[in-house]
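**Q** What follows is a protein structure lacking sequence information:
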């Protein structure tokens, strides 16, 4: 994106005109990471597609003092694409890769898979989210919308967005980390159905302002279709279909609102594995195992984060114990083992 700087004034003018042209501008306000975030959508379809994952964080407060303001639109609002859009598509097609720009307070990213362009000005606290057609949003954007904007927002506020699930019991929070297919989503959903607190399935925020804590960002659950065999209810909850998408998703705000919490103290990192044992076991690991697992996955999911993410994670996780959680085969046994673990003596 070497030519991005020359296009930036035109892009900002485009977004300004798009706001003025949005006769149906729809605004929602969140309490995210303890701060007020205002999201304005240029159309109903964008609001419907991109707000449900945040709905558990909505606040009735709506003042001009929002710490972060996001504007979301597609090409329909001005009946033309974003300036430089053809070049973005062409450049990314050549190398089949994500395009990034980072200079001072300005950060931008174009993802050719989702066709989403994200832009933030950290100095002004403004973010913009654009795609050509709202109707073309892929399912994973609906499940975890504006991920890069949240990543940059967390960096602005001294927090870090990580690729992990998080649950809690008895006011103790645990991160569920590990590679894809190791049971994170299944365990998180099982916990939500079993009376645990739920903070996130795929992405959560870590903070260290008053001791290590995990904060909720999304209320969605995104799962592999084979999870239906383990938790049959997920098949009926899913809002999409296996013939259309490679994973299913749904919103806990609509199905299990009582399980949702906004923050909990972080007490452990659990690296999940599927061992199909008679009983679920927890084995203490070196702290570096948790840091490396979370850092590798999170940096991959949030391109361009690198060193700052690793440093912040190291600060937050320094005194947090890490365990390998080898999952059993019985759902009730897994849930009880997690309860026992989280109510046991703190280390």
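**A** Sure thing, it's come through. None of these values were measured; they are calculated from a predicted model.
**Q** just checking, next helix/strand downstream of whatever helix or strand residue 29 lives in?
**A** Per DSSP states H and E, residue 29 falls inside strand 26-32. In the C-terminal direction, the helix or strand that comes right after strand 26-32 (DSSP H and E) is strand 35-41.
**Q** and that next one, average pLDDT?
**A** What strand 35-41 shows for mean pLDDT is 94.
**Q** for that strand, packing partners?
**A** strand 26-32, helix 44-51, strand 68-74 (3 or more C-beta pairs under 8 Å, 6 or more residues apart in numbering; DSSP states H and E). The C-beta positions use only the backbone N, C-alpha and C, and glycine is treated the same way.
**Q** Output those as CSV; include the columns distance to residue 200, mean neighbour count and mean pLDDT.
**A** Output for the helices and strands packed on strand 35-41, formatted as CSV (distance: least, C-beta to C-beta, whole Å; neighbours: other C-beta atoms under 10 Å; pLDDT from 0 to 100):
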stretch, distance to residue 200, mean neighbour count, mean pLDDT
strand 26-32, 12, 18, 92
helix 44-51, 17, 18, 96
strand 68-74, 19, 23, 96
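**Q** Minimum distance to residue 239: which of the ones you listed has it?
**A** helix 44-51 (10.9 Å; C-beta to C-beta).
**Q** Show me what the closest one is packed against.
**A** So helix 44-51, by 3+ C-beta pairs under 8 Å, 6+ apart, packs with strand 26-32, strand 35-41, strand 68-74, helix 139-143.
**Q** Outside of it itself, list whatever touches it.
**A** With C-beta atoms under 8 Å, 6 or more residues apart in numbering as the test, helix 44-51 has contacts from 24, 26, 28, 39, 41, 72-74, 129, 134-135, 137, 141-142, 145-146.
**Q** Now the helices and strands packed on strand 35-41 in a markdown table, please, with extra columns for distance to residue 218.
**A** Compiled in a markdown table, these are given as follows (distance: least, C-beta to C-beta, whole Å):
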| stretch | distance to residue 218 |
| --- | --- |
| strand 26-32 | 11 |
| helix 44-51 | 11 |
| strand 68-74 | 15 |
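**Q** Show me the one of the ones you listed that comes nearest residue 196.
**A** Here strand 26-32 is closest among these (C-beta to C-beta), at 22.1 Å.
**Q** how far off helix 44-51 does that closest one point, in degrees?
**A** 10 degrees (axes from the mean of the first three to the mean of the last three C-alpha atoms, to 10 degrees).
**Q** What angle do strand 68-74 and strand 26-32 make with each other?
**A** Going by the same axes, to 10 degrees, strand 26-32 makes 140 degrees with strand 68-74.
**Q** contacts for strand 26-32?
**A** 36-41, 43-44, 47, 51, 54, 57-62, 66, 68, 150, 153, 217, 262.
**Q** out of the residues you listed, which are buried?
**A** Among the contacts of strand 26-32, the ones that count as buried by 16 or more other C-beta atoms under 10 Å are 36-41, 43, 47, 51, 54, 57, 66, 68, 150, 153, 217, 262.
**Q** Quick one: low-confidence residue ranges for the protein.
**A** Along the chain, the parts satisfying pLDDT under 70 run over 1-2, 61-64, 306, 345-347.
**Q** top helix in it by residue count?
**A** In the chain, with assignment by DSSP state H, the single longest helix is helix 4-21.
**Q** Does anything pack onto that helix? Which helices or strands?
**A** Contact here means 3+ C-beta pairs under 8 Å, 6+ apart; on that basis helix 4-21 packs against strand 68-74, strand 99-103.
**Q** partners of the longest one, with directions?
**A** Read that as strand 68-74. strand 35-41 (parallel), strand 126-131 (parallel) (DSSP bridges).
**Q** so can I have CSV of these showing distance to residue 287?
**A** Formatted as CSV, those follow (distance: least, C-beta to C-beta, whole Å):
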stretch, distance to residue 287
strand 35-41, 29
strand 126-131, 34
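**Q** Nearest to residue 4, out of the ones you listed?
**A** The nearest among the strands paired with strand 68-74, by C-beta to C-beta, is strand 126-131 at 13.5 Å.
**Q** which ones are touching the residue nearest to residue 252 when sequence neighbours are not counted?
**A** Computed as C-beta to C-beta, 6 or more residues apart in numbering, the closest residue to residue 252 that is not its neighbour in sequence is residue 219, at 4.7 Å. Taking C-beta under 8 Å, 6+ apart as the criterion, residue 219 is in contact with 52, 53, 54, 55, 56, 198, 200, 251, 252, 253, 260.
**Q** List the buried residues of the one helix or strand residue 92 maps to.
**A** Using DSSP H and E, residue 92 maps to helix 85-95. In terms of neighbour count (16+ other C-beta under 10 Å), helix 85-95 has its buried residues at 85, 88, 91, 92.
**Q** Between the residues you listed, which sits nearest residue 323?
**A** Nearest to residue 323 among these, with distances taken as C-beta to C-beta, is residue 92, at 40.3 Å.
**Q** ok, so what distance separates that closest one from residue 137?
**A** Remark: distance between residue 92 and residue 137 (C-beta to C-beta, to the nearest Å) = 18 Å.
**Q** now residue 156
**A** Applying C-beta to C-beta to residue 156 and residue 137 gives a distance of 25 Å.
**Q** Look up the closest residue to the most far-flung residue of the chain relative to its centre, ignoring the ones flanking it.
**A** Here the chain reaches farthest from its C-alpha mean at residue 278, the gap being 32.9 Å by C-alpha atoms, centre = their mean. Leaving out its chain neighbours, the residue that sits closest to residue 278 by C-beta to C-beta, 6+ apart is residue 328, at 6.2 Å.
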